[in-house]
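Peer 1: turn this into a structure:
(one chain, ligands or ions: 1)
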Amino acid sequence: MVNWMRWFPENVSTYGGDVDSVFALIYWVGLVWFVITLGTFGVFLVLYRRRQGRRAFYITGEPLRQAAWILIPCAVILALDLWIDWRGAPAWAKVKGQFPPAELTIQVTGRQFFWEVVYPGPDGKFGTGDDRQFNNEIHVPVGRPVRLVLKSGDVVHSFFAPNLRFKQDMVPGRLTGGWFEATKPGRYELPCAELCGIGHSMMNGSLYVHPPEEYEAWVKQQWPAATTADSRRPR
Ligand SMILES: [Cu+2]
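Peer 2: As a prediction, the model looks like this:
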């Protein structure tokens, strides 16, 4: 099903398939309805065009036979909307509702115009001496759930990870959350998806998804003093 949406960036997220299938449903429902509506419109334009000896007539739309042209499409659209809701709710719950236990929590603050990324360090707590800040760079291990704490330092930004199928607005004065689990190592883009000022289009970070050993090496490089017995670091 997902292969229909070939122009999408590669999905490297555990819940990306669910998001894509809902998107595909909306896409096909919209496309089919678009063709039916414009097709009918085109056929009627030809069928009922101005002709010699045929007068235009006025209809009120009140008799049920005429009103059916509005009521039936309304009922069909309502049913299609409910179908999308029914299919979308579990995907939404997976992405935004149920956060799996994460061994790694990263705080990202949107700023004009960069992502301020803070790691809590081996103690797992923010605001302590072993925190580390990396602007526009997120490093995570593959195949591990990662928790995100999202904030904004100035205006509304939107943290967007297209390959993860994750997008979340960052609102000043408000903490929002998210999570993801990447399935494939690589470097992926992290653009800002909310017009936040003159430098918005240049605002872009990198998500580095590392194989486990490579991630372990990166962690050791950042926190050389940390003991290997620390249970909070992804194994
Ligand atoms: Cu922006």
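
Peer 1: who in the protein is up against the ion?
Peer 2: With CB under 5 Å from the ion as the criterion, the chain comes near the ion at residues 192, 196, 200, 203. Yep, even glycine has a C-beta here, placed from its N, CA and C like the rest.

Peer 1: what's the burial count for the first one?
Peer 2: Yep, that's residue 192 we're talking about. 26 (other CB atoms under 10 Å).

Peer 1: ok, now the third one?
Peer 2: Counted with other CB under 10 Å, the neighbours of residue 200 add up to 18.

Peer 1: surely it touches residue 111?
Peer 2: No: counting by CB atoms under 8 Å, residue 200 stays clear of residue 111, with 11.8 Å between them.

Peer 1: pLDDT added to the residues of the chain next to the ion, as TSV?
Peer 2: As requested, the residues of the chain next to the ion are exported to TSV (pLDDT from 0 to 100):
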residue	pLDDT
192	97
196	96
200	97
203	96
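
Peer 1: just flag the most distant two among those residues.
Peer 2: 196 and 203 (7.1 Å; CB to CB).

Peer 1: what's the overlap in contacts for these two?
Peer 2: Counting by CB atoms under 8 Å, 6 or more residues apart in numbering, the common neighbours of residue 196 and residue 203 are 113, 157.

Peer 1: in what helix or strand does residue 90 lie?
Peer 2: If you go by DSSP states H and E, residue 90 is part of helix 64-92.

Peer 1: got the angle between the biggest helix by length in the chain and helix 64-92?
Peer 2: Identified as the longest helix of the chain according to DSSP state H is helix 16-47. Counting by axes from the mean of the first three to the mean of the last three CA atoms, to 10 degrees, helix 16-47 lies at 160 degrees to helix 64-92.

Peer 1: give the buried residues for helix 16-47.
Peer 2: 16, 18, 19, 20, 21, 22, 23, 24, 25 (16 or more other CB atoms under 10 Å).

Peer 1: of those, closest to the ion?
Peer 2: Distance to the ion across those (CB to the ion) is lowest for residue 19, with 21.5 Å.

Peer 1: which residue is the nearest non-sequential neighbour of the closest one?
Peer 2: residue 165 (4.1 Å; CB to CB, 6 or more residues apart in numbering).

Peer 1: now do the one you found against residue 131, distance only.
Peer 2: Going from residue 165 to residue 131 by CB to CB, to the nearest Å gives 29 Å.

Peer 1: pLDDT value on the residue of the chain positioned farthest from its centre, please?
Peer 2: Computed with CA atoms, centre = their mean, the residue of the chain farthest from its C-alpha average is residue 53, at 57.3 Å. According to the prediction, residue 53 has pLDDT 90.
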